Every structure is written in C-alpha cells, then in structure tokens.
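K.L.:
could you look at this predicted model? Sequence included:
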Amino acid sequence: MQKRMTISIDETVYDGLVRVVGRRKISRFLEDLARPHVAQDDLAAAYQAMAADTEREHEALEWSNALIGDVNDAPR
C-alpha cells in the first residue's frame with residue numbers, strides 16, 4: 001500500500017530531479033534511494049529466500065568455484 005507524503009526541498013534540487021529523473025518519476029526515484037536504508041527486513045527476507053533456493057545456491061557455488069581457476073593464472 002502506498003502512502004502520500006509532502007516534502008520540501010530546495011528549488012535547485014527539484015529542478016535537478018526534473019531534469020535528470022523526469023517529472024513523473026521523482027517519487028519512484030526517491031523511494032528507490034530510501035528503501036535500502038529503511039526497509040532492511042525486506043532485504044534479510046530476500047537473502048533467506050535466495051539461500052533456501054538450493055538449485056540457485058548450487059549454480060552459484062559452481063560459478064564461484066570456476067573462478068578459483070582464473071586466479072591461478074593471475075600474475076602475482
């Protein structure tokens with residue numbers, strides 16, 4: 001569920017947001033910036049869900065193990 005909020009920002013900042021992000025996209029842009037700082041429970045749940053996906057974890061392990069061979073060829 002979304003909530004409506006009114007904020008006050010400097011005119012220069014607002015003009016920059018309109019120029020860079022676009023007038024109808026500012027809300028989503030600010031939400032995407034704030035989410036990692038205030039919705040950390042969602043991140044923990046997402047990590048738990050990923051860890052529970054055994055097929056994905058197996059593929060990730062294979063990928064990371066394949067990278068170890070690349071290190072052997074790296075100059076020291």
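P.N.:
Nice, thanks for sending it over.
K.L.:
any idea whether residue 27 is helix, strand or coil?
P.N.:
Per DSSP: H, G, I helix; E, B strand; the rest coil, the secondary structure class of residue 27 is helix.
K.L.:
tell me how many other residues surround it.
P.N.:
For residue 27, the count of nearby residues is 12 (other Cβ atoms under 10 Å). Every C-beta, even on glycine, is put in place using the N, C-alpha and C of the backbone.
K.L.:
and the worst-scoring helix or strand of the chain on mean pLDDT, what other elements does it pack with?
P.N.:
Across the helices and strands of the chain, mean pLDDT, DSSP states H and E gives its lowest value to helix 40-52, namely a mean of 81. Secondary-structure packing of helix 40-52 (3 or more Cβ pairs under 8 Å, 6 or more residues apart in numbering; DSSP states H and E): helix 54-72.
K.L.:
how distant is the helix it packs on from the center of its chain?
P.N.:
From the chain centre to the centre of helix 54-72 is a distance of 23 Å (Cα atoms, centre = their mean, to the nearest Å).
K.L.:
and that helix, what does it pack onto?
P.N.:
Helix 54-72 packs on helix 40-52, going by 3+ Cβ pairs under 8 Å, 6+ apart.
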